[in-house]
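>>> just need the structure, nothing else, for what follows:
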Amino acid sequence: MGCESCDFKNRIKEEFNAIKVTEKYLNSCTKLNSYSWLDELPDTSEKSNLVEVRFKNTRKEFFENSNKLRLTRGDIIAVEAMKGHDVGIVTLLGSMALLQFKRKTADLQNYMIRRIYRKATPDDVEKWKRGKEQENSTMIKAREIANNLKLDMKISDVEYQGDNTRAIFYYIAEGRIDYRELIKVFAKEFNIQIEMKQIGARQEAGLIGGLGSCGRELCCSTWKTNLNSVPIDVSRIQDLSPKAQFLTGKCGRLKCCLMYELDDYLEAWEDFPEHLLQLETEKGIAYKQKLDVLNKKVWYSYKNDYTSELIPVTTIRIREIIMMNKKGQKPKDLDQS
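Now for the predicted structure:
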């Protein structure tokens, strides 16, 4: 969806039009985008003080509207941070925010919910903009510093806190990294508090975004929050080509979408007999050439090569022939008793 037709972004731009908040500072709207399907129903915001707030890329957190501010989706607000304050954009309120909170939070009792301070003032937004403008140059410089210290890591992204007193440095590394010296150099170079956050290749793809081989935006960037590893067996179960270029995503790992139909394939495989390679008929021995798991069909030929005529046989018929073969009997043909 293009930005020009996005009502959500247009509402944000209208609110802060006087200080020219451009799309440069409102990027990543589609990353883990939340749709409030209760908006057209009677007001539900009073049922919960929880508010879901989006920051850079895929980072979202929940805050308490303890001051009873009148908020709507798209409002830019100042919220409590570990130290100082941060600036983010409201994505969900009320009942919808509560539902998302329960869905995403594993330990509800120990989750620390911070407060919303206020709607962002022009000064808040100006600071926020200055931080955004520094992020790319800071990331490039941080990579140079890490390289000079000969650390086996990659700085993937940098996110400044809204008040520009702190920054999160996202990095990828194969193992544990002793970055104590790195933090000292970063703090001296950038004059801010430093937080190092290790992420995986899948999380990095979600942060950066992009298009998959299907032509759609990456699932890890737009909606998928559970980024578990994908076992290599899924390609065999779905009878897919083992070639790596067809199975790997932008992150260099197996595509997350390989898991989407896995349950259907596992269920379909239950109807397949254990032994499929050969069937004996009066016309000769039929050899398995290919199969269609979901349609529960196997193609056989009477010569063990792909140039021969391929005959589709259902799993029900295959079981019948196997039972006949076990009794020493042979059907006239694959499709005849």
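
>>> pLDDT value on the residue lying closest to Ala268 once chain neighbours are set aside, please?
Excluding its sequence neighbours, the residue lying closest to Ala268 (C-beta to C-beta, 6 or more residues apart in numbering) is Val293, at 5.0 Å. All C-beta atoms are positioned from the backbone trio N, CA, C, and that covers glycine. The model reports Val293 with a pLDDT of 92.

>>> next one: the one 3 residues further on
On pLDDT, Lys296 comes in at 91.

>>> check contacts around the residue nearest to it when sequence neighbours are not counted.
Nearest residue to Lys296, sequence neighbours excluded (C-beta to C-beta, 6+ apart): Thr315, at 4.5 Å. Counting by C-beta atoms under 8 Å, 6 or more residues apart in numbering, Thr315 touches 271-273, 296-298.

>>> dump the residues you listed into a markdown table; add neighbour count and distance to Ser308 as well.
Output for the contacts of Thr315, formatted as a markdown table (neighbours: other C-beta atoms under 10 Å; distance: C-beta to C-beta, whole Å):
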| residue | neighbour count | distance to Ser308 |
| --- | --- | --- |
| Asp271 | 13 | 26 |
| Phe272 | 15 | 22 |
| Pro273 | 13 | 22 |
| Lys296 | 15 | 22 |
| Lys297 | 15 | 17 |
| Val298 | 26 | 15 |
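
>>> if we can go back for a sec, so what's the residue count around the residue nearest to Ala268?
Neighbour count of Val293, defined by other C-beta atoms under 10 Å: 20.

>>> dump the residue contacts of it.
Taking C-beta under 8 Å, 6+ apart, we find Val293 in contact with 238-239, 265, 268-269, 272.

>>> how about Cys220?
Cys220 touches 58, 202-203, 205-206, 227, 251, 256, counting by C-beta under 8 Å, 6+ apart.

>>> narrow the contacts of Val293 to just the buried residues.
Taking 16 or more other C-beta atoms under 10 Å as the criterion, what is buried in the contacts of Val293 is 238, 268.

>>> one step back: what pLDDT does the residue nearest to Lys296 get?
Note on Thr315: pLDDT of 91.

>>> distance check, it against Val185.
64 Å (C-beta to C-beta, to the nearest Å).

>>> need the contact partners of stretch 275-286.
With contacts defined as C-beta under 8 Å, 6+ apart, stretch 275-286 is touched by 287-288, 291, 298, 300-302, 311, 313, 318, 321-322, 325, 330-334.

>>> pull out the buried members of these.
Buried by 16+ other C-beta under 10 Å: 287-288, 291, 298, 300-301, 313, 318, 321-322, 325, 330-331, 334, out of the contacts of stretch 275-286.

>>> now the two most distant members of these.
Spanning the widest gap among these are Leu291 and Lys330, at 22.1 Å by C-beta to C-beta.

>>> state whether Ile316 is indeed within a helix.
Yes. Applying DSSP: H, G, I helix; E, B strand; the rest coil, one finds Ile316 inside a helix.

>>> now the element after the host helix or strand of Lys184, going C-ward?
Assigning secondary structure by DSSP states H and E places Lys184 in helix 180-190. On the C-terminal side of helix 180-190, the nearest following helix or strand under DSSP H and E is strand 193-198.

>>> average pLDDT across the helix or strand following that next one?
Scanning forward in sequence from strand 193-198 by DSSP H and E, the next helix or strand is helix 201-208. For helix 201-208, mean pLDDT rounds to 89.

>>> orientation of helix 201-208 relative to strand 193-198 in degrees?
Counting by axes from the mean of the first three to the mean of the last three C-alpha atoms, to 10 degrees, helix 201-208 points 130 degrees away from the direction of strand 193-198.

>>> now find how far off-centre the helix or strand following helix 201-208 is within its chain.
Using DSSP H and E, the helix or strand that follows helix 201-208 towards the C-terminus is helix 219-222. Taking C-alpha atoms, centre = their mean, to the nearest Å, one finds helix 219-222 lying 4 Å from the centre of the chain it belongs to.
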